[in-house]
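# Okay, here's the prediction I keep looking at, along with the sequence it came from:
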Amino acid sequence: MGLEKSIQKLDKYLERLSQGKAKKIKPSDLAKVERKLQAKKELLTAELEEAQKTSKKERLAGKLSVVNKQLERANWLRQKLSGSIEDAH
């Protein structure tokens, strides 16, 4: 998902939140997801170091790239929510 789609989704969420149609995302929920992603990143990194076949290394590197992007999005979301949710109330 690109940055524009992320922004659109956040805007839609904030609109639903202000209308009372959505529940507030808790920082603890976001932290839980980040912990899971970090654990997955560590697992994939260890597997990548042990991999022998080039094809497996490429596959694991691709998965690791996805996890890194998801971690970046989680960080971005945390920053946006901390400011935007306060503004919505």
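Sure thing, it's come through.

# what about Gln79, helix or strand, and which?
helix 54-88 (DSSP states H and E).

# Now that helix: buried residues?
Using 16 or more other C-beta atoms under 10 Å as the test for burial, helix 54-88 gives Leu60, Lys63, Leu64, Val67, Gln70, Leu71, Ala74, Leu77, Lys80, Leu81, Ile85. Backbone N, C-alpha and C define where each C-beta goes, glycine included.

# between those residues, which is closest to Gln19?
Ile85 (14.0 Å; C-beta to C-beta).

# Kindly state the pLDDT recorded for that closest one?
If you check Ile85, the pLDDT there is 50.

# remind me which residues of the protein are low pLDDT?
For the chain, the stretches flagged by pLDDT under 70 are 1-3, 84-89.

# Go ahead and name everything in contact with stretch 20-32.
Tyr13, Arg16, Leu17, Ala74, Leu77, Arg78, Leu81, Ser82, Ile85 (C-beta atoms under 8 Å, 6 or more residues apart in numbering).

# distance between the ends of that stretch?
When the termini of stretch 20-32 are compared using C-alpha to C-alpha, to the nearest Å, they are 24 Å apart.

# Next, the buried residues of it.
Within stretch 20-32, the residues that count as buried by 16+ other C-beta under 10 Å are Leu30.

# hmm, back to that, same list (the buried residues of helix 54-88) but as CSV, adding distance to Gln52.
Below are the buried residues of helix 54-88 laid out as CSV (distance: C-beta to C-beta, whole Å):
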residue, distance to Gln52
Leu60, 11
Lys63, 17
Leu64, 17
Val67, 22
Gln70, 27
Leu71, 27
Ala74, 32
Leu77, 37
Lys80, 42
Leu81, 42
Ile85, 47
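
# Thank you kindly, that will do.
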